[in-house]
Each structure stands twice: as C-alpha cells, then as structure tokens.
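A.B. asks: build me a structure from this.
(chains A and B)
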Protein chains: 2
Amino acid sequence: MKIILTGAGGFVGRHLARRLLARGPNGGWMDGGRVEQLVLADLEPPAFDDIRVRRVTGDLSDAAVRARLVADGADMLFHLAALPGGAAARDPALSRKVNLDGTLDLIEAMAAAHGGRTSPPRVIYTSTIAVLGHPMPALVDDATPLRPAMTYGAHKLMVEVALADYRRQGLVDPVAIRLSGILARPGGATGLKSAFMSDVFHALAAGRPYICPVSPAATLWAMSLDRCVDNLLHAASVDSALMPAGGAVTLPALCVSMGELIAAIACRLGADASLVTHVPDGTLEAAFGAHPPLLTPAAEAAGFRHDGTLDALVESALATL
Amino acid sequence: MKIILTGAGGFVGRHLARRLLARGPNGGWMDGGRVEQLVLADLEPPAFDDIRVRRVTGDLSDAAVRARLVADGADMLFHLAALPGGAAARDPALSRKVNLDGTLDLIEAMAAAHGGRTSPPRVIYTSTIAVLGHPMPALVDDATPLRPAMTYGAHKLMVEVALADYRRQGLVDPVAIRLSGILARPGGATGLKSAFMSDVFHALAAGRPYICPVSPAATLWAMSLDRCVDNLLHAASVDSALMPAGGAVTLPALCVSMGELIAAIACRLGADASLVTHVPDGTLEAAFGAHPPLLTPAAEAAGFRHDGTLDALVESALATL
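C.D. replies: Numbers count the residues shown, from 1 in each chain, chains lettered A, B, ... in the order given. Down below sits the predicted model:
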C-alpha cells in the first residue's frame, strides 16, 4: 500500500507518520495492508531512517509539486496540510489558494493518477469544528447547522461539500473528520488562535507562571494527540457505508472547562495550579472558550472515540509533550 | 447606479434586463436609485436599443473577460450565469471552472474594483434548490440539512458558503436566493433536467400531444418567470439584516402535482388535458418529481413571495410563454 501524507512536517503529521511506519508490514494495518511506500509532503517534510519513505518538498498550491506528489498514483491520501485559522483570517486570498483551490486540485490530481485501478483511493481529510461557527447553540450535535464564522472554517466546509460530490462521482472514497483542539501542541506561536489550550501544559510542566487568555469557566472541546492519530488511522479503514450522508463527521471530543483542565494537569504533575492566572480576552473566549456540550452519535457509530476521561486525556497529552 | 448582469442572454436574464430597463430613472427602483448603466454579460448578450446598456461578450471563466466586466466597479451584480445541472453532471471539471472558480473570481474582482467606495456592492446570487439534494425529507423548511446530490448543487452550495464569508470580510453585500422550477422556460433542449415542467405548457398551448416523463402524482416546486424576476428585484433592495445567518434563502414556491398543473393549464387554455400521457422515468421522478411540502419562513420574513395560487402561477407563466 502506498500512502501520501501532506502536512507531514506539522504537529499531527509527524506523529501520524511515525505511527504509520511503526505498525510495520502486516501489523494490523487495515485488512492485511502493509505500508510499502509513505510519501511525506510539506515545505519541510520530516526525515525518517526508513527505505519506505519518500519526501516531497514544496508548496501544494504549485501544480508541479502536486504532480510530483501523486505521480504513479497512491492507495490513500491523508490531507493534513492547511493554512491555519489565524493565518487564513489575515490572508483570505492565500487561504483560498491553499485550503480550497490547492486542496481540490490535489484531490483531483490524485483521482486522475489513480486511473484504472479497481476502487477509488481513500482520502482522509482533516476538517475542523470551525465549520460550525460561533456563537454555538446550547448543545451541538450532528444536526447543528454549519455556519462558519471564519475564512478557515468556510474553506474547510467548502471542501467537505466537494468531497461528498467527488465520492458521488466515484473519483475518491473520502472520509472527512472535524478535529477539535489537539493537546498538547508545541509551545510558542503556531498561528493557531486556540494555542492557549496547549500553552498551559508547557507552563505547568516547566513550573512557569502562565497568564491564560480565557476564564476558568471557559469550555473547550479537546482530544489528545494520540487519540487524534488513533482516529485518523481509524478513518483510513472505516467502512464508508458507516459514515453519514454528507460524508463528514464531527469527531468525539471531551467538553471540559479551562479550570478543570488546569486542575487535572496540576494534579497529575504535582504542580501548583495557582501558577495560572486568568486575563480573559472577550473575543478569544467567545470564539474558543464557549463550547457547549457536544454529542457525536454519527462519529461514534462509525467507531471514532474521544479520550474517555479528562484524566486519560491529560495523561496522554503529557506523554507526547 | 451601475448594475452588472451575467447570464443576460438566458431565459431569466433577458427578462430581468427588460424589467430593469423598463423601470426607468427613479421608477421606484430602490431608494431613489436609477439605472444609469446596465452591463449585460454573456456569450451572446441580448441587444437593447437603450444608451444605458453596455454589452460584454465572452466567457466569465476568462480573466480578461471578467476584468472588462468589472472595470471601474459597479454598485450591484446580478450573477445568473451558470453551467446548468445536466451539463454540469456531464462535465464536472467545467462546472468547477464556471460555477465555482469563475464565480468566486468574478465576485472577488468585483469587490477589488469597487475599491474605496463607502459600502460594499450588493451581489445577488441565484442559487438553487439542488443544494438540498434528494431524496428529500417529508417536509422541507429552513432547517433542512443541505446535502446536494449533483455537482451543480454542490458548487452552488460552495458559493453560498463563500458568499457568507465575503460578507463577513466586508468585500460584498450578498443575497443568495435558491430558485425552484421557473415556468415556463422556452421549449426544446436546454440542458435542464427539469425541462418537462415547461414543455407541457408549450405542448398544450400548441395543442400537441405530450409524453410526460413523470407521473401525475409527481410533485414539484414552481414559480412563474415574472414572480422569479419580482424576487430578484426584491433581492436587490432587501435589507441584508432581514436575511438569515447563512445569507441564503430558499425562495417561496408553490408545491403542485404534475396532474394539478396539467389540469390548470388545460383549464385556462380551454385545451384538452388528455393530450398529455405519462411514461414516468424513475430516476427523473425521484430527482425532480418528489418534492415534499415546502416551508420558507426565512424568505417570507425577508419579503420574498411565491405566485399565491396555482391558477395565478399558470396565468403568469402563460403570459410570458
């Protein structure tokens, strides 16, 4: 099996690449499938000492780079590459180029390169809860209308719609999964407005004071990095007949308050929770700290899972810090 | 006021152009607005003996044509040009070029040309009930999920999402209205799978036998051409604060059975309804003849209207035959 992974140099991409390679031949990966080639694409794809890895360096909005990437086709594409939300808001034209046009071009090129093989290639697309928009209703479930409030979410939703149409056309076999906050991302500026969720892990682990830009009562949806990759790997093999009509699901996530999260991290680390003080930014709290209870029956019926408990989430997140 | 109208050579476009010009200066058109220039764009834009009309001939997926069209900006764009549903299904790549990429490029060019004027230009976008997909639920209202089942509907929905984002960015002031079947289109092949709704008018008016490809029990949503143009003109001046969150509304339409429609046409014409026989095509009936009751409170609250009664619809449609 040949797999292409875009955004391979990113936080989730690197971890997914490692997990894909670690499973090894016949290591339970799909029905007897084995990773024969893993094509890692990014501006700076990570290096692995593994003969199955091919690196493609470049910008996916460049047609020549896309052509190199899909040359000879592939069985599967994990499309993680994206211009993140904050950067997309600052440059909507670049977001259109990368998150919309370049993404559609890549998937169409992938389908064309696949040519006469028996079944269309699986495409796993990382969408986002930003397709829901904000303010959110009192409860979010699979029937909640999708009204993105940021360019990033708008482009992600447009690709979801296109993927459902590509599936109908038989071009690809897509699975779109909407990610919540992934814990814990590396510290420092990442262009993600939700970085505070991760920064608090790094601060408490280092025993540093941290000024949190949302209140203790702020609520967020979160999953650990390992759980996120578990869900990506599940998306690779899930029967698409189990997916709902639109082909996209909001992944299960734990809905936790910032105060609960800080207490759980401090408890597990034996750290002092009072290192964290709160200076809420109203705009940020409204967009990223006002998440209502989340019900995801469609994703659960298709076999996707959250971390189970807040403590399990924190333990898993700390293990990959 | 300078207005651009794309798809001006089409069935609805020609009628809209005529109505825009007929209102004349200060003829009740918006708040004291007058049509100073009307730019008609199409592969074959219609000719009018009116010094306010400028014609732009060409394909909107050509950047040079778009640049000529929006040169010096405009106050308003009616974007009616589209590759119709049947043609889009036969050539999804062309549909992407025209119905998605070219449409976004045109609207972005319009916004850029508008430059430093006080308020963003109004964009009236003709979307379609094909964004709903099929099979439809037992009743359709403003909360019905949008799951297009054809490439045409997918691209129209993607543009709706983009327009809401353009509005948020302040680039344009969009109003997207979803059209049902417009009666009665000219006879003959038009690339529209729903042509049968109109063909029956022409057949009965000419006293010709007609083999209808859906059963008498088939149900459809319809509005007359004049009512459609009334709604387009209303969209030009409606307060966007009255529009729902997503910025797009399904227009009110009468839900009628094919049998009722045939009887009403025959009655008004004094024609013989038995000229029509039925040889239903299951696929066509499922896609275009299985419309449930339709509730459109959002559009009605914003001032959009259907024809009122089936007889009024038939009278209006026959008047523009």
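A.B. asks: now the helices for the stretch 101-250 of chain A?
C.D. replies: Using DSSP state H, counting those that start in this stretch, the helices found in the stretch 101-250 of chain A span residues A:103-114, A:151-169, A:196-206, A:225-237.
A.B. asks: closest one to A:Gly289 among those helices?
C.D. replies: Closest of the helices of the stretch 101-250 of chain A to A:Gly289 is helix A:196-206, at 8.6 Å (criterion: C-beta to C-beta). Any C-beta I mention is one placed from the backbone N, CA and C, and that applies to glycine too.
A.B. asks: just the CA atoms of that closest one, as CSV, please.
C.D. replies: Only the C-alpha atoms of helix A:196-206 are listed here, as CSV (Å, rounded to 0.1, in the frame of the first residue of the first chain):
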residue,chain,number,x,y,z
PHE,A,196,-3.6,28.7,24.9
MET,A,197,-5.1,25.2,25.5
SER,A,198,-1.6,23.7,24.8
ASP,A,199,0.5,26.5,26.3
VAL,A,200,-0.9,25.8,29.8
PHE,A,201,0.5,22.3,29.6
HIS,A,202,4.0,23.6,28.8
ALA,A,203,3.9,26.2,31.5
LEU,A,204,2.8,23.9,34.3
ALA,A,205,5.3,21.2,33.2
ALA,A,206,8.1,23.8,33.4
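A.B. asks: which non-adjacent residue is nearest the residue in the stretch 1-150 of chain A positioned nearest to chain B?
C.D. replies: Going by C-beta to the nearest C-beta, chain B is nearest to A:Arg147 of the stretch 1-150 of chain A, at 5.4 Å. Computed as C-beta to C-beta, 6 or more residues apart in numbering or on different chains, the closest residue to A:Arg147 that is not its neighbour in sequence is A:Gly133, at 4.0 Å.
A.B. asks: so the residue lying closest to A:Arg227 once chain neighbours are set aside versus chain B, what's the distance?
C.D. replies: Closest residue in space to A:Arg227, ignoring its immediate chain neighbours: A:Asp307 at 4.9 Å, by C-beta to C-beta, 6+ apart. Per C-beta to the nearest C-beta, to the nearest Å, A:Asp307 is found 29 Å from chain B.
A.B. asks: phi, psi of A:Asp307?
C.D. replies: Per-residue torsions, A:Asp307: phi -80, psi -10 (degrees, to the nearest 10).
A.B. asks: tell me the contacts of it?
C.D. replies: A:223-224, A:227, A:254, A:313, A:316 (C-beta atoms under 8 Å, 6 or more residues apart in numbering or on different chains).
A.B. asks: ok, now how distant is it from A:Leu251?
C.D. replies: As judged by C-beta to C-beta, to the nearest Å, A:Asp307 and A:Leu251 stand 11 Å apart.
A.B. asks: could you pull up the mean pLDDT of the host helix or strand of A:Ala312?
C.D. replies: If you go by DSSP states H and E, A:Ala312 is part of helix A:310-319. Averaging pLDDT along helix A:310-319 yields 97.
A.B. asks: kindly report the same for stretch A:274-288.
C.D. replies: The pLDDT scores in stretch A:274-288 average 93.
A.B. asks: how long is that stretch end to end?
C.D. replies: Start and end residues of stretch A:274-288 are separated by 22 Å (C-alpha to C-alpha, to the nearest Å).
A.B. asks: re the thing from before, out of the helices of the stretch 101-250 of chain A, which is closest to B:Gly9?
C.D. replies: helix A:151-169 (27.6 Å).
A.B. asks: chain A against chain B: which residues are in contact?
C.D. replies: A:92-93, A:96, A:101, A:104, A:108, A:143, A:145, A:147-151, A:154, A:157-158, A:161-162, A:164-165, A:168-169, A:245-246 (C-beta under 8 Å from any C-beta of the partner chain).
A.B. asks: quick one: buried ones out of these?
C.D. replies: A:92, A:96, A:101, A:104, A:108, A:147-151, A:154, A:157-158, A:161-162, A:164-165, A:168, A:246 (16 or more other C-beta atoms under 10 Å in any protein chain shown).
A.B. asks: for chain A, what are the low-confidence residue spans?
C.D. replies: A:24-33, A:116-117, A:189-191 (pLDDT under 70).
A.B. asks: let me see the domain layout of it.
C.D. replies: A:2-180+A:222-250, A:183-220+A:253-294+A:308-319 (automatic domain parsing).
A.B. asks: sweet, I'm off.
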